[in-house]
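Colleague: Quick check, what structure comes out for this input:
(one chain, ligands or ions: 1)
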Amino acid sequence: AELIGQRPADIVRKLMDMGQMLTFNQPMNTEVALMIAEESGIRVDISVEKAGEELLEDLVSTEGEGRPEPRPPVVTIMGHVDHGKTSLLDAIRETKVAEGEAGGITQHIGAYTVTVRGKQVTFLDTPGHEAFTAMRARGAKVTDIVILVVAADDGVMPQTIEAIHHAKAAGVPLIVAMNKIDKPTANPDRVRNALSEHGLISEAWGGDTIMVEVSAKQKTGLDQLLEMILLQAEILELKADPHVLAKGAVVEAKLERGRGPVATVLIQSGTLHVGDVFVVGSFSGKVRALISHTGVKVEKAGPSIPVEVIGLPGVPSAGDVFQAVKDERAAREIAEDRARKQRAAELAGSGKVSLTDLFAKIQEGSVKELALVIKADVQGSSEALAAAIEKLPTELVKLRVIHNGVGGVTESDVLLAAASNAIIIGFNIRPETKASALAEKEGVDVRLYTIIYEALADIKAAMEGLLEPTL
Ligand code: GDP
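Modeller: Residues are numbered from 1 along each chain as shown. Down below sits the predicted model:
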């Protein structure tokens with residue numbers, strides 16, 4: 001009323017004529033305000049003040065199309081325990097970092113980059129599918145290529161199969177490194193045969209899985225493995241725009257004496273500079289210094305390059321998104337908004353799918369596919385259950401078994417389910433204590449059965465909205 005020079009009572013009367021019963025100090029919606037103002041011959045411009053993530057989108061959006069350029073591949077090494085993951089990471093680091101970098105001494109910062117024929121490849125230094133999937137469960141998709149290490153003298157083992165399923169669930173291509181080829185007991189053909197039973201058929205046998213024979217111990221086959229990584233990267237046409245504000249993911253973070261909180265960030269797009277303002281998780285700050293994986297201070301880091309960031313106010317979690325923004329006030333607001341949302345989400349539960357609320361989620365359109373992880377006491381049951389589930393008639397929702405295996409529910413199973421928004425079906429087994437706690441924390445639904453028919457009946461009922469809630 002003040003702005004358009006009218007008496008408040010007159011406006012209230014006009015509002016009443018329009019069917020809006022409002023008093024002096026109640027807010028009115030934009031449309032009504034527009035009508036009142038236009039009636040008095042006043043032109044109105046609407047501007048919306050943004051907050052939180054919306055503000056973030058605005059701050060980091062760049063005009064135009066962007067200029068994506070090729071970027072190095074990011075590689076994670078997976079495989080069964082003792083098959084040589086750590087040895088392979090060390091062998092590549094030792095032989096290749098020295099060639100490409102001045103000094104050549106690497107610091108452990110959670111990732112390193114090697115140069116092959118002028119091209120770079122970045123390796124994540126924490127091997128195993130647990131780390132990979134834990135990052136994914138937090139929303140960070142950093143790995144472009146998985147190297148599956150299989151010891152040629154030992155063959156396909158339970159964690160080999162898990163790794164295949166974890167990589168597949170993430171949609172990440174996989175290259176097999178057949179390790180320990182130096183051993184007299186190595187039998188690569190037997191390994192190739194076993195892998196083919198899990199859908200990995202080598203190129204030599206007419207399939208499309210690249211397999212390379214290596215020895216981490218004698219450092220043989222490494223060049224060929226790196227060549228194959230570069231070849232696969234070329235096929236993937238990996239690109240990122242280095243000209244925008246940096247965005248990345250935390251791969252490691254810790255509190256260090258004398259240096260304070262330190263996080264290794266793998267840059268995924270844009271370029272991070274010393275002095276840049278950033279948001280990471282629910283922290284905001286300004287980059288005081290950047291340190292490379294060879295321990296050298298650098299001024300900036302571009303796509304696919306890991307770099308230690310100094311200048312954080314606290315220790316973020318691995319998998320947290322790191323985003324450079326234009327100004328400090330906005331960074332603070334976004335960080336506070338995130339902390340608020342995180343608290344709200346914690347109060348409201350995780351938002352993950354469960355059998356009980358499956359039907360409601362199908363109805364609201366937020367679930368189109370139900371992913372399942374199946375664990376059973378013996379392989380026969382786990383395979384029978386998986387096959388029966390995939391045969392259930394489905395109209396509204398697609399059923400997809402992303403992993404089935406033998407044994408109790410493990411933390412790795414829970415992480416896979418959390419990252420893929422899946423539920424876990426256990427048959428004649430119990431979850432490990434740690435896995436139960438993690439499932440609770442991550443909001444993953446774990447269902448245990450002793451009769452296959454009952455598991456099938458529950459899934460069917462859940463899809464139709466007929467499942468009785470359990471207490
Ligand atoms: P991880 O558990 O998969 O990380 O396996 P490690 O890298 O710790 O290796 C397990 C064991 O296998 C160690 O004793 C290594 O020395 C050995 N090893 C790793 N690679 C090779 C290899 O290429 N040849 C031989 N003979 N031994 C290897």
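
Colleague: hey, let's count contacts and neighbours off CA atoms from now on
Modeller: OK.

Colleague: what's the weakest-modelled helix or strand in the protein?
Modeller: Lowest mean confidence among the helices and strands of the chain (mean pLDDT, DSSP states H and E): helix 98-100, at a mean of 55.

Colleague: who in the stretch 51-200 of the chain is up against the ligand?
Modeller: 80-87, 179-180, 182-183 (C-alpha under 6 Å from any ligand atom).

Colleague: which strands and helices sit next to the biggest helix by length in the chain?
Modeller: Taking DSSP state H as the criterion, the chain has its longest helix at helix 328-348. With contacts defined as 3 or more C-alpha pairs under 8 Å, 6 or more residues apart in numbering; DSSP states H and E, the packing partners of helix 328-348 are helix 52-60, strand 277-280, strand 283-286.

Colleague: Report the distance from the second one to the chain centre.
Modeller: The one in question is strand 277-280. In terms of C-alpha atoms, centre = their mean, to the nearest Å, the centre of strand 277-280 is found 19 Å from the chain centre.

Colleague: what comes into contact with it?
Modeller: 284-287, 316, 320-328, 331-332, 334-335 (C-alpha atoms under 8 Å, 6 or more residues apart in numbering).

Colleague: Please work out the average pLDDT along it.
Modeller: The average pLDDT within strand 277-280 is 94.

Colleague: same thing with the first one?
Modeller: Here helix 52-60 scores 63 as its mean pLDDT.

Colleague: next helix or strand past that helix?
Modeller: strand 69-70 (DSSP states H and E).

Colleague: What are the contacting residues of that following strand?
Modeller: With C-alpha under 8 Å, 6+ apart, strand 69-70 has contacts from 237-242.

Colleague: continuing past it, what's the next helix or strand?
Modeller: Proceeding N to C from strand 69-70, the next assigned helix or strand is strand 74-79, under DSSP H and E.

Colleague: packing partners for the very next helix or strand once past that following strand?
Modeller: Downstream of strand 74-79, the first helix or strand assigned by DSSP H and E is helix 85-92. On a contact count with 3+ C-alpha pairs under 8 Å, 6+ apart, helix 85-92 meets strand 74-79.

Colleague: Report all helices and strands that the strand it packs on contacts.
Modeller: Using 3+ C-alpha pairs under 8 Å, 6+ apart, strand 74-79 sits against helix 85-92, strand 119-124, helix 129-137, strand 145-151, helix 158-170.

Colleague: let's go with 10 Å and repeat that
Modeller: For strand 74-79, the elements it packs on are helix 85-92, strand 111-116, strand 119-124, helix 129-137, strand 145-151, helix 158-170, strand 174-179, helix 222-236, judged by 3 or more C-alpha pairs under 10 Å, 6 or more residues apart in numbering; DSSP states H and E.

Colleague: Out of those, which is closest to I402?
Modeller: Evaluated over the helices and strands packed on strand 74-79, closeness to I402 peaks at helix 158-170, with 6.2 Å, by C-alpha to C-alpha.

Colleague: Run through the neighbouring helices and strands of the closest one.
Modeller: In terms of contacts (3+ C-alpha pairs under 10 Å, 6+ apart), helix 158-170 is packed against strand 74-79, helix 129-137, strand 145-151, strand 174-179, helix 188-196, strand 398-406, helix 411-419.

Colleague: distance between the last one and the chain's centre?
Modeller: So the one you mean is helix 411-419. Here the centre of helix 411-419 is set off from its chain's centre by 12 Å, with C-alpha atoms, centre = their mean.

Colleague: Next SSE downstream of it?
Modeller: Following helix 411-419 in sequence order, the next helix or strand is strand 422-427 (DSSP H and E).

Colleague: Give the buried residues for the longest helix of the chain.
Modeller: For helix 328-348, the neighbour count (16 or more other C-alpha atoms under 10 Å) marks 328, 330-338 as buried.

Colleague: With stretch 447-454 instead?
Modeller: Using 16+ other C-alpha under 10 Å as the test for burial, stretch 447-454 gives 447-449, 452.

Colleague: Check the stretch 301-450 of the chain for the residue nearest the ligand and tell me.
Modeller: S412 (16.0 Å; C-alpha to the nearest ligand atom).

Colleague: For that residue, grab the count of nearby residues.
Modeller: The local packing of S412 (other C-alpha atoms under 10 Å) involves 20 other residues.

Colleague: what's near enough to touch it?
Modeller: 129-131, 133-134, 159, 162-163, 166, 418, 435, 438 (C-alpha atoms under 10 Å, 6 or more residues apart in numbering).

Colleague: same thing but at 6 Å, please
Modeller: E130 (C-alpha atoms under 6 Å, 6 or more residues apart in numbering).

Colleague: Per-residue pLDDT of it, please?
Modeller: On pLDDT, S412 comes in at 91.

Colleague: and it, how far is that from P68?
Modeller: Note on S412: its distance to P68, by C-alpha to C-alpha, to the nearest Å, is 35 Å.

Colleague: do S202 as well
Modeller: S202 is 33 Å from P68, where distance means C-alpha to C-alpha.

Colleague: Likewise for D10?
Modeller: Noted for D10: a distance of 58 Å to P68, by C-alpha to C-alpha.

Colleague: Neighbour count for the two, which is higher?
Modeller: P68 (15 against 11).

Colleague: What does L272 show for phi and psi?
Modeller: phi -100, psi 130 (degrees, to the nearest 10).

Colleague: sorry, back to before: buried members of the residues of the stretch 51-200 of the chain next to the ligand into PyMOL, please.
Modeller: The buried residues among these can be selected in PyMOL (16+ other C-alpha under 10 Å) with this line:
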select buried, resi 80+81+83+84+85+86+87+179+180+182
